[in-house]
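Visitor: let me see the structure of the following:
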Amino acid sequence: MASDTILVTGAAGGSQGQTGRHVSELLLAKGARVRAFVRTIDDRAERLRSRGAEIMTGDFHDYHSVERALEGVSTVYFAYPVQE
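Guide: Next up, the predicted model:
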């Protein structure tokens, strides 16, 4: 059975924009359980962690990291990084 955890991709924000970070922060402010899917642990990821997010590192090109991030979540907010 899935939990009420919401996986947010692109959660740290980056060159593609800040949508995932804003969504994560809004959900956390409402008391939601957020799993933030980020590429690396950096200041942006640590900021989300300090606000209560569970941090998962990975990359869309690595199927196994995506699979691990999806374990036990009920909802996914998918913010795909659009780049040249």
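
Visitor: now do the closest residue to residue 25 other than its chain neighbours against residue 78, distance only.
Guide: In space, and not counting its chain neighbours, residue 25 is closest to residue 51: 6.7 Å by C-beta to C-beta, 6 or more residues apart in numbering. For glycine as for every other residue, the C-beta is placed from the backbone atoms N, C-alpha and C. Using C-beta to C-beta, to the nearest Å, one gets 21 Å for the distance from residue 51 to residue 78.

Visitor: ranges for the strands of the chain?
Guide: Taking DSSP state E to define them, one finds strands in the chain at 5-9, 33-38, 54-57, 73-77.

Visitor: possible to save the ones you listed as a markdown table with distance to residue 67, mean neighbour count and mean pLDDT?
Guide: Below are those laid out as a markdown table (distance: least, C-beta to C-beta, whole Å; neighbours: other C-beta atoms under 10 Å; pLDDT from 0 to 100):
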| stretch | distance to residue 67 | mean neighbour count | mean pLDDT |
| --- | --- | --- | --- |
| strand 5-9 | 12 | 22 | 94 |
| strand 33-38 | 12 | 25 | 95 |
| strand 54-57 | 11 | 16 | 96 |
| strand 73-77 | 11 | 15 | 93 |
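
Visitor: having no further points to raise, I will conclude here.
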